[in-house]
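Peer 1: here is a sequence together with a model predicted from it:
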Amino acid sequence: MNKLQKLNRELERETRAFELFKAKNHEGKVAVIRKRVIGCPSCHAACQLKNWGFVQEHRYNRPHGCSDGGDHSMNDTRVCHLICPMCSEEIYIYNHNQRDQIVQMIDNEGVNKSEIFATVWDHHEGFPSKQVFPTK
């Protein structure tokens, strides 16, 4: 085995080790976020984030010009909603007293909302909400 082959083999081994480290680090980050507790302003229950539902709001963008069609774009997390696991109340994140912490946890880089919440819903302005996670 020549020197180049040895170096390539070593690089492959290090790459696999790094990918494994990243996967474990991601799983740990998700586990920590899911265990964070937030309170419900309606029923005053305190529950882990993993038990809550999340409603991703999409706003309608009107068509521009004669050839551009209308479309929907995702709203910022702070103007979306959470669904309390105890009372099923839909809570507007912007008005929640823990808004900044909630937004920081949800918008954590590299973490998908479906990894955090029990259910994830999409709501497009003018249409009924649609459950996107878990898939039925």
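Peer 2: On my side now, so go ahead. Note that the structure is predicted; figures quoted are calculated from it, not measured.
Peer 1: where does the protein dip in pLDDT?
Peer 2: The model of the chain has pLDDT under 70 over residues 1, 59-75, 109, 126-128, 132-133, 135-136.
Peer 1: what comes up buried for the longest helix along it?
Peer 2: Longest helix in the chain, counting residues (DSSP state H): helix 3-35. Buried residues in helix 3-35, counted by 16 or more other C-beta atoms under 10 Å: V30, I33, R34. Glycine gets a C-beta too; all of them are placed from N, C-alpha and C.
Peer 1: relative to the whole chain's centre, how far out is stretch 11-31?
Peer 2: In this view, stretch 11-31 has its centroid 20 Å away from the chain centroid, taken as C-alpha atoms, centre = their mean, to the nearest Å.
Peer 1: the helix or strand where H123 lies pairs with which strands, parallel or anti?
Peer 2: For H123, the host element (DSSP states H and E) is strand 119-124. Strand 119-124 has the following strand partners under DSSP bridges: strand 53-61 (parallel), strand 130-133 (antiparallel).
Peer 1: thought S42 was touching E90?
Peer 2: No: judged on C-beta atoms under 8 Å, S42 makes no contact with E90 at a distance of 9.4 Å.
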